[in-house]
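Trainee: Sequence first, then the predicted structure, then my questions.
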Amino acid sequence: MKNILEKTFKYRYILAAILFAACVFVGINGSSLGCIAKTFGHEDTGVLFGVSRLIRSDEYGTFTPMTFAQYLDPSGRFPYFSTVMRGDVTDAFITYGQPVMSWLMIFRPFQIGFLFLPISQGMAFFWCGRFIALFMVSFEFGRLITDDRRKISFLYAVMVAFAPAVQWWFAINGFVEMIISAELSIVFFSKYLKSEAGDSLYLLKKSVLALGIMLSAGTFALTLYPAWMVPMVYLILYLIVWQLKEEPYFINSSGKAIITDIIILFLILLIIGFTVYTVSFRSTHTISAIMNTAYPGKRIESGGGAFKHMFNYAAELWYAKRDSSPFYNVCESAYFIDFFPLAHILFIIRSIKNKKLDFLGTLLFVLSTFFFIYIAVGFSPELTDLTKMGYSTANRALVVFTFVNLIMLFRTISLKASKEETLEKRSPILAILLTLAIISTAMLVSRSINPGYYSIKMLAVTAVVLGFIIYGFIINDSDRLKVVWGIILAAIMIASGSFVNPIRIGVKAVTDIPELNMAEKVSEADREALWIVEGAEYPVTDSLLYKGIRTVNSTNVYPDLDRWKKLDPAGEYKDIYNRYAHIKININDEINKARFKLIAPDSFLVELSYDDLMTLGVRYIFTTNELSPEHYTKVDSEGDYKVYQIN
């Protein structure tokens, strides 16, 4: 067994590459696009394992159809500015981060597959590539923070890759890319600082590592989601400080080496600066439009009010089975399973026992405390502005808080104990009492949010599972990690995360929908024509994007003010349509003026007459309703859906 593990470790990158290639060849992905098929009354085909999740509508209802639209855009494949989304010129790069034919894609490496592969293999490249990379990078980062304790590093990688926060947010907002680039940049930085000047390949190695750091930094920057980026930047900066302490740069480096590094740093900053400038220049209008919307607009928070949610790991083990959480929806309440406050308690105990503070552990403890105050209490307006934490809500910061705690936990259990007896030998009763205190607090707090969420059986199973895991963390040290405990911990984490997203082959669940194929057939005669989806709600309103059909009321990721001003020249309804929005359109030929109604912060209804449709330049209507032959001619139908052409 030991020999097998050694060979697996030695050839881990080759094995990962083979697995990745096999997944791409077969076309494996984790999309819940089968929910679109179900919406039209058809079966979800191609699923090997798991189920499509209705709650992941931002993936199968917005992100994925936009990707299909990039393949099928009438103006050409993968344009920076789509003509399909919103049925108008739409920034595809900055909104929902779609693949575009541009050198900028070096900072979105997992979407490069879309540019040269069929959609099925492109989806596999995106989904499987990100998961495999996340696991492998987390393992290497785990080795760094645990001083190369490989078993512990493997468990760390499992707990990151299968974390609820990762799995429930897997496809959108660039969260996986954010974690990968943050961890990878520190791994590269560590190797960069350790590079020896005497090596004949010294300059080449440093250049390659600097390139890796630059690509990681650019990838992180282009995730473009400040709510997670701001707290993650704090973590990255703290880890950089740790590495500079581990490898005192100015002490260990010669003057020549420092000059070389300054030149390399300048080139990195120059490339990243040019990248940011390019995106900012090309997307100036988009950024301005987003920042000036009624929703989400310039959202500034002050934190506070989420203390109870820190104990949510008691429920997160059940998310995939229940498809719900004790509060919010299951995605909004998905974090890393960190067993708070276990990491803090173990860090204090280990520091007292060893009579010294671990530098990294101390940095993480301080950072975690900083986040704790923001999440539980909140900051003053001045401190919010100073720290820039206002760009992150308490709930989004909580995701990074639990990630920091997880890193601190694995760092702490990997530290070598002093020559004194371990906690287990000195006081097993204390370990048991500490375990009981943590699981009791977690379950009582979580249950207080929603008592009806837990059955008696769930409470009992949760208590046993958490008790076993937490007790194992307390009594273990890096020299004798319990094999059985490690296997069970890994199995529980994998089980809780692997059931979140389905494992499917290909994309036939949407490409074979008869109603959409009917619409596609009609659109082939006029690819430039403008369509609306009438009488239906999201995600049906985005379904025509799967066929590359220009749709007015597909999700407006930022408002098309010029379009709506044609119907509302006085701006009477601007607060309603000036937002990120899913748009429902009803035809009402009895009105003489378009009517707008806000349904939710991200959704509105607009009633349009025949004249309004003519004003907007709409040519086709996709609907389940019967429309008047006076103004609309039925072109084709399939199932309950019909396509009308405006006379």
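Mentor: Perfect, thanks for sending it.
Trainee: so after the helix or strand hosting Asp575, what's the next helix or strand?
Mentor: Applying DSSP states H and E as the criterion places Asp575 in helix 574-577. Next helix or strand after helix 574-577 toward the C-terminus (DSSP H and E): strand 582-587.
Trainee: Now the following helix or strand past that next one: buried residues?
Mentor: As assigned by DSSP H and E, the chain's next helix or strand after strand 582-587 is strand 595-600. For strand 595-600, the neighbour count (16 or more other CB atoms under 10 Å) marks 595-596, 598 as buried. Yep, even glycine has a C-beta here, placed from its N, CA and C like the rest.
Trainee: Out of those residues, which comes closest to Phe370?
Mentor: Leu598 (37.2 Å; CB to CB).
Trainee: how far away is that closest one from Leu567?
Mentor: 16 Å (CB to CB, to the nearest Å).
Trainee: Also Ile487?
Mentor: 63 Å.
Trainee: So between these two, which is more surrounded?
Mentor: Leu567 (19 against 11; other CB atoms under 10 Å).
Trainee: Spit out the contact partners of the more buried one.
Mentor: 593-594, 606, 608, 612, 615-616 (CB atoms under 8 Å, 6 or more residues apart in numbering).
Trainee: just checking, which of these belong to helices?
Mentor: Judged by DSSP state H, these include 612, 615-616 as members of helices.
Trainee: Which one of these sits in the busiest neighbourhood?
Mentor: Asp612 (22 neighbours).
Trainee: Report the contact partners of the nearest residue to that one once chain neighbours are set aside.
Mentor: Spatially, and ignoring its direct neighbours in sequence, Asp612 is nearest to Ala594 (5.0 Å; CB to CB, 6 or more residues apart in numbering). Neighbour list for Ala594: 567-568, 606-609, 612 [criterion: CB under 8 Å, 6+ apart].
Trainee: which one of those sits closest to Ile470?
Mentor: Val606 (53.1 Å).
Trainee: how close does the closest residue to the closest one other than its chain neighbours sit to Val230?
Mentor: Nearest residue to Val606 in three dimensions, chain neighbours excluded: Phe596, at 5.2 Å (CB to CB, 6+ apart). Phe596 sits 34 Å away from Val230, going by CB to CB.
Trainee: element containing Gln70?
Mentor: helix 64-72.
Trainee: Contacts for that helix next, please.
Mentor: 31, 33, 36, 77-79, 82, 84-85, 92, 96, 98-100, 114, 119, 122-123, 171, 510, 539, 542-543, 545-548, 554.
Trainee: Could you pull out the strands in the chain for me?
Mentor: Counting by DSSP state E, the chain has strands at residues 28-29, 47-49, 81-82, 90-91, 503-505, 531-534, 582-587, 595-600, 603-608, 620-623, 632-638, 641-646.
Trainee: Now do the contacts for the residue lying closest to Thr275 once chain neighbours are set aside.
Mentor: Using CB to CB, 6+ apart and skipping the chain neighbours, the partner closest in space to Thr275 is Gly218 (5.6 Å). The contact partners of Gly218, taken as CB under 8 Å, 6+ apart, are 106-107, 271-272, 275.
Trainee: List just the nearest of those residues to Gly41.
Mentor: Phe107 (40.6 Å).
Trainee: Apart from its neighbours in sequence, what residue is nearest Ile290?
Mentor: According to CB to CB, 6+ apart, the nearest residue to Ile290 is Tyr558 (5.0 Å).
Trainee: what sits against that neighbour?
Mentor: 91, 95, 286, 289-290, 293, 580.
Trainee: Sketch out the low-pLDDT regions of the stretch 51-200 of the chain for me.
Mentor: 196-200 (pLDDT under 70).
Trainee: let's see it at 90
Mentor: For the stretch 51-200 of the chain, applying pLDDT under 90 flags the ranges 75, 94-97, 151, 171-174, 192-200.
Trainee: same deal with the stretch 301-450 of the chain?
Mentor: Ranges of the stretch 301-450 of the chain meeting pLDDT under 90: 301-303, 305, 312-332, 349-356, 381, 385, 390-391, 413-433, 440, 442-450.
Trainee: Let me see the contact set for Ile119.
Mentor: Counted by CB under 8 Å, 6+ apart, Ile119 has contacts 67-68, 71, 507.
Trainee: Kindly report the same for Thr275.
Mentor: By CB under 8 Å, 6+ apart, the neighbours of Thr275 are 104, 107, 218, 221-222.
Trainee: make it 10 Å
Mentor: If you count contacts by CB atoms under 10 Å, 6 or more residues apart in numbering, Thr275 has them with 103-104, 106-107, 214, 217-218, 221-222.
Trainee: mind checking how far it is from Asn586?
Mentor: Thr275 sits 44 Å away from Asn586, taking CB to CB as the criterion.
Trainee: which secondary structure elements does the helix holding Asp575 contact?
Mentor: helix 561-565, strand 595-600, strand 603-608 (3 or more CB pairs under 10 Å, 6 or more residues apart in numbering; DSSP states H and E).
Trainee: so what's the most centrally placed residue in the chain closest to, chain neighbours aside?
Mentor: What sits nearest the mean C-alpha location of the chain, by CA atoms, centre = their mean, is Phe175, with 3.0 Å. Closest residue to Phe175 apart from its sequence neighbours, by CB to CB, 6+ apart: Trp169 at 4.7 Å.
Trainee: burial measure for that neighbour, as a count.
Mentor: Around Trp169 there are 22 residues (other CB under 10 Å).
Trainee: Report the contact partners of it.
Mentor: Counted by CB under 10 Å, 6+ apart, Trp169 has contacts 56, 58-59, 163, 175-176, 228, 331-332, 334, 399, 500.
Trainee: which ones among those residues are found in helices?
Mentor: 175-176, 228, 399.
Trainee: how long is stretch 374-393 end to end?
Mentor: Criterion CA to CA, to the nearest Å; first-to-last residue distance in stretch 374-393 is 9 Å.
Trainee: in it, what counts as buried?
Mentor: In stretch 374-393, counting by 16+ other CB under 10 Å, buried: 374-376, 378-379, 384, 387, 389-393.
Trainee: Now do the helices in the stretch 351-500 of the chain.
Mentor: 359-376, 381-387, 394-414, 423-426, 428-449, 456-475, 483-498 (DSSP state H, counting those that start in this stretch).
Trainee: Tell me the helices and strands packed up against the first one.
Mentor: Judged by 3+ CB pairs under 10 Å, 6+ apart, the packing partners of helix 359-376 are helix 119-145, helix 226-246, helix 342-354, helix 381-387, helix 394-414.
Trainee: now that helix against helix 226-246, angle please.
Mentor: Interaxial angle, helix 359-376 versus helix 226-246 (axes from the mean of the first three to the mean of the last three CA atoms, to 10 degrees): 160 degrees.
Trainee: that older thread, and which of the ones in helices among the contacts of Trp169 is nearest Met136?
Mentor: Val176 (12.7 Å).
Trainee: what's Pro629 in contact with, if anything?
Mentor: Pro629 touches 644, 647, counting by CB under 10 Å, 6+ apart.
Trainee: Renumber starting at 54 from here on
Mentor: Done: numbering now begins at 54, and the last item shifts to Pro682.
Trainee: Need phi/psi at it.
Mentor: phi -70, psi -10 (degrees, to the nearest 10).
Trainee: mind checking how far it is from Lys298?
Mentor: Plainly put, Pro682 is 77 Å away from Lys298 if you go by CB to CB.
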